[in-house]
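> This is the structure alone, sequence omitted:
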């Protein structure tokens with residue numbers, strides 16, 4: 001099934017007093033409700049806010065036996081009272097996009113899973129609010145998860161309370177003392193686990209979108225991310241007022257679209273090139289296979305012709321070659337080919353019989369063409385080649401000489417060269433005299449006598 005990989009929108013924001021923010025106000029805005037801020041003695045009323053689908057508080061898995069119901073107003077006023085400093089971080093907000101292909105019920109279930117993971121990982125309470133795609137600057141389905149910076153606990157009376165700081169909120173010095181990773185690595189692991197939860201939910205729902213925590217740069221994409229608008233610019237943009245950040249994002253999106261179009265064109269070119277190379281390789285492979293088949297067929301035909309010639313020579317000479325070795329059959333094929341061309345010889349040379357090894361041979365006949373023996377050659381004074389001999393009774397013998405050593409293919413048999421008593425009209429070729437040395441150049445009149453420089 002094809003998948004659409006999306007860079008997940010997981011924005012983490014601190015609710016800090018140093019920035020003039022109130023965690024009670026943030027909870028009221030996200031849930032679209034009215035909450036009383038005891039620290040500031042004011043009511044934050046966002047009851048007319050539209051687009052909030054649902055909101056609920058999720059506690060860690062071990063805190064399910066509360067004796068008193070925990071409301072948003074009580075939870076976040078407890079969080080405000082737990083911090084004493086004027087620059088304290090009172091809450092941590094996670095804004096996470098949800099797949100638009102899911103049904104509302106599936107998005108509710110996914111938001112509960114994400115809130116449960118953050119509550120268990122941090123050990124604190126998580127306030128989850130679901131927003132639809134018509135609200136917020138992201139213009140998509142998303143959730144706001146507001147978490148406490150202190151761990152949740154139950155006191156002796158069964159009531160809820162906030163205890164020590166969450167591990168994720170410790171200072172760098174305290175984290176090093178405990179041997180923990182820095183906040184950047186911890187946030188990277190959290191983002192990766194949140195994406196895994198979203199992708200597992202997509203698999204279960206049969207949704208094509210897949211999310212990754214990696215940036216464009218980490219994924220090897222030559223794209224530029226858009227800038228965060230913020231609440232004020234987002235509100236102006238929704239009202240039709242163009243802002244500087246909004247114009248910057250529109251320019252970024254236009255450049256990204258051009259880059260994607262160019263990369264798509266390059267990919268199409270590479271695919272076409274790969275197809276041409278594949279087609280060429282297939283054609284070359286087919287041609288090589290055809291040539292191999294033709295070569296194999298030609299070799300088989302040649303072997304068949306050679307076998308037929310051997311059979312013909314065997315029938316003509318009355319020689320049985322059924323028990324010959326492979327090398328002898330090859331020599332027999334050469335001899336048969338020579339026997340078939342005897343009609344082209346110009347003359348023959350008959351010689352008297354001779355005795356060798358206690359056996360009587362001859363008389364025999366050698367064949368000539370252009371004044372030289374075709375059946376027997378001479379190399380360094382030794383016979384070399386194939387000799388064809390005819391006898392008075394009509395039988396014949398074919399002998400192969402290799403630099404004086406005789407290899408016999410037909411009767412009679414002998415293992416050494418014929419004796420020197422065999423008369424021959426043609427003597428071995430004479431040895432050539434070495435070339436004469438060139439005369440020495442004349443001596444210089446003065447230099448060779450030591451008179452010159």
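The structure has been received and is ready for your questions. Owing to the predicted nature of the structure, the values given are computational and were not obtained by experimental measurement.
> Distance check, residue 181 against residue 190.
Distance, residue 181 to residue 190, by CB to CB, to the nearest Å: 11 Å. In short, each C-beta sits where N, CA and C put it, glycine included.
> Okay, now the unreliable bits of the stretch 351-453 of the chain?
For the stretch 351-453 of the chain, the stretches with pLDDT under 70 are 351-436, 442-453.
> one more time with 50
Applying pLDDT under 50 to the stretch 351-453 of the chain flags residues 351-365, 367-382, 389-394, 403-404, 408-409, 411-429, 452-453.
> Give me the helices and strands touching the lengthiest helix in the chain, please.
Ranked by number of residues, the top helix in the chain under DSSP state H is helix 244-317. Counting contacts by 3 or more CB pairs under 8 Å, 6 or more residues apart in numbering; DSSP states H and E, helix 244-317 is packed against helix 230-238, helix 326-340, strand 396-402.
> and the nearest residue to residue 100 once chain neighbours are set aside, what are its phi and psi?
Among residues not flanking residue 100 along the chain, residue 141 sits closest, at 5.5 Å (CB to CB, 6 or more residues apart in numbering). Main-chain torsions, residue 141, degrees, to the nearest 10: phi -70, psi 130.
> now residue 74
When read as degrees, to the nearest 10, the backbone of residue 74 gives phi -70, psi -40.
> The nearest residue to it once chain neighbours are set aside bridge partners, please.
Here the nearest residue to residue 74 in space, its sequence neighbours aside, is residue 160; by CB to CB, 6+ apart that works out to 7.9 Å. Beta-bridge pairing of residue 160 under DSSP bridges involves residue 154.
> what's the burial count for residue 160?
Residue 160 has 19 neighbours, counted by other CB atoms under 10 Å.
> Residue 181 and residue 190: which has the busier surroundings?
The neighbour count for residue 181 versus residue 190, taken as other CB under 10 Å, is higher for residue 190 (19 against 12).
> right, and the more buried one touches residue 122 too?
No. Contact between residue 190 and residue 122 fails when scored by CB atoms under 8 Å: they sit 9.2 Å apart.
> what is the orientation angle of the longest helix of the chain with helix 230-238?
Interaxial angle of helix 244-317 relative to helix 230-238 (axes from the mean of the first three to the mean of the last three CA atoms, to 10 degrees): 90 degrees.
> Sketch out the low-pLDDT regions of the stretch 201-350 of the chain for me.
Ranges of the stretch 201-350 of the chain meeting pLDDT under 50: 334, 336-347.
> One more pass at 70, please.
Counting by pLDDT under 70, the ranges of the stretch 201-350 of the chain that qualify are 231, 310, 313-350.
> Tell me where the stretch 1-150 of the chain has strands.
For the stretch 1-150 of the chain, the strands defined by DSSP state E, counting those that start in this stretch cover 4-7, 10-16, 34-37, 42-45, 52-58, 89-97, 126-131, 142-148, 150-154.
> who wins for proximity to residue 245 among the ones you listed?
Closest to residue 245 of the strands of the stretch 1-150 of the chain, according to CB to CB: strand 10-16, at 14.8 Å.
> What is that closest one packed up against?
Looks like strand 10-16 contacts strand 89-97, helix 183-205 (3+ CB pairs under 8 Å, 6+ apart).
> hmm, back to that, verify the stated contact: the residue nearest to residue 74 with residue 154.
Yes. Counting by CB under 8 Å, residue 154 is a contact partner of residue 160 at 6.4 Å.
> which ones are touching the nearest residue to residue 223 once chain neighbours are set aside?
Closest residue to residue 223 apart from its sequence neighbours, by CB to CB, 6+ apart: residue 216 at 4.4 Å. Contact partners of residue 216, counting by CB atoms under 8 Å, 6 or more residues apart in numbering, are 7, 222, 223, 224, 225.
> Which single one of the residues you listed is nearest to residue 268?
Proximity of the contacts of residue 216 to residue 268 (CB to CB) peaks at residue 222, which lies at 17.2 Å.
> what's the neighbour count on residue 258?
For residue 258, the neighbour count with other CB under 10 Å is 9.
> what's the answer for residue 312, then?
Neighbours of residue 312 under the rule other CB under 10 Å: 13.
> What's the separation between it and residue 100?
Remark: distance between residue 312 and residue 100 (CB to CB) = 88 Å.
> Also residue 258?
Distance from residue 258 to residue 100, counting by CB to CB: 26 Å.
> Residue 43 now?
Per CB to CB, residue 43 is found 35 Å from residue 100.
> cool, residue 214 as well?
Plainly put, residue 214 is 21 Å away from residue 100 if you go by CB to CB.
> Among these two, which residue is more densely surrounded?
Using other CB under 10 Å, the more surrounded residue of residue 214 and residue 100 is residue 214, with 16 against 13.
> Please tell me how far that one sits from residue 192.
The spacing between residue 214 and residue 192, counted by CB to CB, is 9 Å.
> what do you get for residue 13?
For residue 13, the distance to residue 192 - CB to CB - is 19 Å.
> mind giving me the domain split of this structure?
For the chain, the domain assignment from automatic domain parsing gives the residue ranges 4-221, 326-408.
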